[in-house]
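# Provide a 3D model corresponding to the input given below.
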Amino acid sequence: MTEATNPPDKTFKPRILLWVLVGFVLLLVCAVGGLWLYNETVLQKPLQRVLLNDPRNHIVQATAHFDGWVDTHTVVFDLTDVSGEASSTDIFRVLLQYAQAQRDNRYDNVILAAYGQKKFVIPGSYFQQLGQEYATQNPVYTIRTFPHHVTAMDGSQPFPEVYGGVFYVLPKELEQFKNFNERWYLNDFLARRK
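Down below sits the predicted model:
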């Protein structure tokens, strides 16, 4: 006597494939969500506190995230919008206050971007130093010497240190700071307003 065999369940393979696909999508959503949450917690929330806690900062909009959202050694500080009322010292104050908020964190580099375009790099150690010195350092000194620490994205040094007497050096350093701001965000800001 032969036993009756049940026909194979033809829906078994499609169900497994569906569950594998659903699992993969869930894993991907969790990974992307986790990266976003980590960037939001470590970098963006402190920046938002800087922007909200000082009423002078309401004329600046910026974001901060890890480079590529995953490189935890490199921070991208991106100016996303600037009011026409903002001066270069307003923008710089926000950067310095953010450095102060991040002073206990070590990064290899901080990329300065504007409107999503990466423009300059400063060493993470200098960014940390700016944050540690924010409350005590003369802001004019910081403004004068900041461009010397900036590197272009191609690795070149666009603002070399200036040597000479104070009456020669001071105007040159202030001119470098002005040029730095123009290249960082101001030229893009003006082009967007046309």
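# Might one say that Pro70 is in contact with Leu35?
Careful, residue 70 is Val and not Pro. Yes: between Val70 and Leu35 there is a contact under Cβ atoms under 8 Å: 6.3 Å. From N, CA and C alone the C-beta is placed, and that goes for glycine too.
# of those two, who's got more company?
For the pair Val70 and Leu35, the greater number of neighbours falls to Leu35 (15 against 11), based on other Cβ atoms under 10 Å.
# That one: what's it in contact with?
Trp69, Val70 (Cβ atoms under 8 Å, 6 or more residues apart in numbering).
# Alpha carbons only: can I get the strand or helix carrying Lys45 in CSV?
Assessed by DSSP states H and E, Lys45 sits inside helix 45-53. This file holds the C-alpha atoms of helix 45-53, laid out as CSV (Å, rounded to 0.1, in the frame of the first residue of the first chain):
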residue,chain,number,x,y,z
LYS,A,45,21.7,69.2,19.9
PRO,A,46,24.7,71.1,21.4
LEU,A,47,24.7,73.4,18.3
GLN,A,48,21.0,74.0,18.7
ARG,A,49,21.5,75.0,22.3
VAL,A,50,24.3,77.4,21.2
LEU,A,51,21.9,79.0,18.7
LEU,A,52,19.0,79.2,21.1
ASN,A,53,20.8,80.3,24.3
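# Identify the residues contacting the helix or strand following that helix?
Later in the chain than helix 45-53, the nearest helix or strand by DSSP H and E is strand 60-67. Contacts of strand 60-67 with the rest of the structure, by Cβ under 8 Å, 6+ apart, involve 39, 42-44, 46-47, 51, 72, 74-83, 86, 90-91, 94, 98, 109, 111.
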